[in-house]
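Visitor: Below is the sequence, then the predicted model.
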Amino acid sequence: MQVHTKKPPIEINAVARFAGPMEKITEIKRIALSLGLKDLDETMSYRDAFPEYAGKERQTALRAYRIREGLTQVELALRSDIPRRHISDMENGRRPIGKENAKKLANVLNTDYRMFL
């Protein structure tokens, strides 16, 4: 017999934003909370959620974009004309990416080069 072990994902139907006097916004917020709606201001940033990545954003971005495109380090090296060892060093924070390499990588990974700077 199969048993459900996971809760179904929370379904978000809509997000609302308002502009107006602060006292009116505070009243809308109070009413929304009383109806059981979630205050999105209570969310946390990725830096707070994943402190182990602090200062490693560029390396993490390089690896994430490479994986998103379904490329190995070898394939990325061949397409970007950057040695595979250098890509490994960049992903592990042992080598700076630099502007020229960032442009080559961004071209292959379909993103803006500033993501790596």
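Guide: Sure, I can see it.
Visitor: Specify the local secondary structure of residue 76.
Guide: helix (DSSP: H, G, I helix; E, B strand; the rest coil).
Visitor: What count of nearby residues applies to it?
Guide: 21 (other C-beta atoms under 10 Å). Quick note: C-beta positions are derived from backbone N, CA and C, even for glycine.
Visitor: what's near enough to touch it?
Guide: When contacts are counted by C-beta atoms under 8 Å, 6 or more residues apart in numbering, residue 76 touches 66, 82, 84, 87, 105, 108, 109.
Visitor: Now restrict these to buried residues only.
Guide: In terms of neighbour count (16 or more other C-beta atoms under 10 Å), the buried residues within the contacts of residue 76 are 66, 82, 87, 105, 108, 109.
Visitor: And stretch 34-50, end to end?
Guide: One end of stretch 34-50 to the other measures 31 Å (C-alpha to C-alpha, to the nearest Å).
Visitor: what's the distance between that stretch and the middle of its chain?
Guide: Put simply, stretch 34-50 sits 16 Å off its chain's centre (C-alpha atoms, centre = their mean, to the nearest Å).
Visitor: re earlier: identify those among the contacts of residue 76 that sit within helices.
Guide: 66, 84, 87, 105, 108, 109 (DSSP state H).
Visitor: how about a markdown table for these, with distance to residue 77 and pLDDT added?
Guide: Formatted as a markdown table, those follow (distance: C-beta to C-beta, whole Å; pLDDT from 0 to 100):
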| residue | distance to residue 77 | pLDDT |
| --- | --- | --- |
| 66 | 10 | 95 |
| 84 | 4 | 97 |
| 87 | 6 | 97 |
| 105 | 10 | 97 |
| 108 | 10 | 96 |
| 109 | 13 | 96 |
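Visitor: how about the contacts of residue 76, which pair is most distant?
Guide: Largest separation among these by C-beta to C-beta: 84 and 109, giving 15.1 Å.
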